[in-house]
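1. Based on what follows, work out the 3D shape:
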Amino acid sequence: MQAPDGIGEVRRGDDLAAMLTERVGLEDGDVVLVTSKAVSKAEGRVVAGTREDALPGETTRVVARRGPTTIVRTHHGLTLAAAGIDTSNVAPGSVVLLPVDPDGSARAIRARLLELTGRTVAVVVTDTAGRAWREGQTDLAVGAAGLRVLEDHTGRRDGYGNELVVTAPAVADELAGAAELAQGKLGGRPFAVVRGRADLVLPTGDDGPGAAALVRPEGADLFGYGAREAVLRALVGDPGDASPFGAPSTADELATAMTELGVVPVVEGDSLVLDGELPLEAVRTLAFAHGWVVDLDDRVRLRPRPEGP
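-> Numbers count the residues shown, from 1 in each chain. Predicted coordinates:
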């Protein structure tokens with residue numbers, strides 16, 4: 001792996017591909033990794049103001065808040081602290097926003113590298129993120145072009161003959177993390193070149209699905225809200241908040257949850273019916289969190305939430 005020195009400050013309009021090729025001789029099958037900050041600076045995504053000023057415009061919805069930290073889902077679908085807005089290595093009074101379209105940025109750099117060198121390479125745009133269950137941060141892919149971002153091992157067998165069912169390494173993220181080790185946070189090295197994984201590089205003209213393929217769609221994440229925020233949003237019960245809770249659960253799953261409230265529902269067709277003295281607000285909250293709605297007629301009846309447009 002190479003991470004060339006001497007790049008210097010990246011400014012709006014800079015040709016990132018030319019900056020790299022002046023220092024590194026590329027070969028077919030190389031994977032070029034570039035930090036999102038360098039891409040953003042070249043694309044003019046440096047704006048005046050504070051992180052707090054910029055955060056609303058970069059946020060689709062708030063996922064969780066803990067003290068001064070706000071974790072949001074961005075318009076890219078990424079879940080990041082402060083929407084990935086960066087205040088380091090930039091003039092005081094300014095912040096760096098993520099690229100508007102990181103996959104598009106990767107495609108443009110890949111095309112320019114082909115033009116300059118005639119080489120077929122892959123490009124990954126990287127950024128730093130925390131992990132829900134682990135301390136510290138690591139780099140991951142927010143944009144990609146010409147790369148198999150996910151290696152699906154489903155159907156393969158291990159050395160003991162066991163079939164692999166859900167093993168799918170996110171190789172774009174693994175490459176991003178490895179590149180950060182070579183680049184360093186304070187080294188002034190926004191590029192890294194990985195050689196030896198040409199099997200992951202797609203042919204010229206095929207940019208692949210991009211890093212967007214690694215983003216779970218809204219509602220498919222088991223942790224669409226932080227623990228406190230999930231309780232609050234379920235209590236409020238705003239239909240606009242329903243999607244992050246995912247698709248409606250099965251009747252059996254909801255019935256099991258209802259027993260925790262001391263309520264034993266009866267299954268009638270595609271609905272659950274409740275009788276007796278009930279903690280109605282608790283029932284509504286639990287139903288909302290499971291993707292169900294409450295109807296009141298002569299009894300309390302729960303039905304799966306209708307599918308939206």
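
2. Can you name every helix or strand that the lengthiest strand in the chain contacts?
-> Longest strand in the chain by number of residues, with DSSP state E as the criterion: strand 134-145. Counting contacts by 3 or more Cβ pairs under 8 Å, 6 or more residues apart in numbering; DSSP states H and E, the secondary-structure elements packed against strand 134-145 are helix 36-42, helix 102-117, strand 122-131, helix 171-183. Every residue, glycine included, has its C-beta placed from N, CA and C.

3. in that strand, what counts as buried?
-> T138, D139, L140, A141, V142, G143, A144, A145 (16 or more other Cβ atoms under 10 Å).

4. Do you know the pLDDT at V215?
-> The predicted structure scores V215 at 95 on the pLDDT scale.

5. Can you tell me how far the residue lying closest to it once chain neighbours are set aside is from A106?
-> Closest residue to V215 in three dimensions, ignoring its sequence neighbours and counting by Cβ to Cβ, 6 or more residues apart in numbering: G77, at 4.0 Å. Computed with Cβ to Cβ, to the nearest Å, the distance linking G77 and A106 is 16 Å.

6. Can you name the helix or strand that V95 falls in?
-> With secondary structure defined by DSSP states H and E, V95 is part of strand 94-96.

7. show me the contacts for the residue nearest in space to the middle of the chain.
-> For the chain, L78 is the residue whose C-alpha lies nearest the centre (Cα atoms, centre = their mean; 3.2 Å). Applying Cβ atoms under 8 Å, 6 or more residues apart in numbering, we find L78 in contact with G84, L98, A129, V142, V215.

8. most surrounded residue in those?
-> V142 (33 neighbours; other Cβ atoms under 10 Å).

9. higher neighbour count, G77 and A106?
-> Regarding G77 and A106, a neighbour count based on other Cβ under 10 Å identifies A106 as having more, with 30 against 15.

10. about what we covered before: ok, of the contacts of L78, which one's closest to N162?
-> Taking Cβ to Cβ as the measure, N162 lies nearest V215 of the contacts of L78, at 29.3 Å.

11. correct me, but that closest one touches T74?
-> No. With contact defined as Cβ atoms under 8 Å, V215 does not count as touching T74 (9.8 Å).

12. which ones are touching V46?
-> Shown in contact with V46 (Cβ under 8 Å, 6+ apart): R12, S40, V90, S94, V95, V96, L97.

13. before we move on, what about V24?
-> When contacts are counted by Cβ under 8 Å, 6+ apart, V24 touches Q2, P4, F191, V193.

14. Name the residues of stretch 23-36 that come out as buried.
-> Using 16+ other Cβ under 10 Å as the test for burial, stretch 23-36 gives V24, L26, G29, D30, V31, V32, L33, V34, T35, S36.

15. and R233, backbone torsions?
-> phi -70, psi -40 (degrees, to the nearest 10).

16. was I right about A230 contacting F288?
-> No. Contact status for A230 versus F288: not in contact, 10.5 Å apart, counting by Cβ under 8 Å.

17. Give me the common contacts of these two.
-> Counting by Cβ under 8 Å, 6+ apart, the shared contacts of A230 and F288 are F245.

18. so where is this structure shaky, pLDDT-wise?
-> Filtered on pLDDT under 70, the chain yields the residue ranges 153-155, 164-167, 186, 308-309.

19. Can you give me the domain boundaries for it?
-> Described in terms of automatic domain parsing, the domain architecture of the chain consists of the residue ranges 16-45+99-214, 227-304.

20. Packed most tightly, which of those would that be?
-> Mean neighbour count, computed with mean count of other Cβ atoms under 10 Å, is highest for domain 16-45+99-214 among these, reaching a mean of 18.

21. And that one, end to end?
-> Terminal residues of domain 16-45+99-214 lie 25 Å apart, using Cα to Cα, to the nearest Å.

22. Rebuild the domains of the chain as JSON lines, extending it with distance to A64.
-> Conversion of the domains of the chain to JSON lines gives the following (distance: least, Cβ to Cβ, whole Å):
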{"stretch": "domain 16-45+99-214", "distance to A64": "9"}
{"stretch": "domain 227-304", "distance to A64": "5"}
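
23. Can you tell me how far E115 is from V31?
-> Distance, E115 to V31, by Cβ to Cβ: 18 Å.

24. likewise T285?
-> With distances taken as Cβ to Cβ, T285 is found 47 Å from V31.

25. what's the closest of the contacts of V46 to S249?
-> Using Cβ to Cβ, L97 comes nearest to S249 of the contacts of V46, at 37.2 Å.
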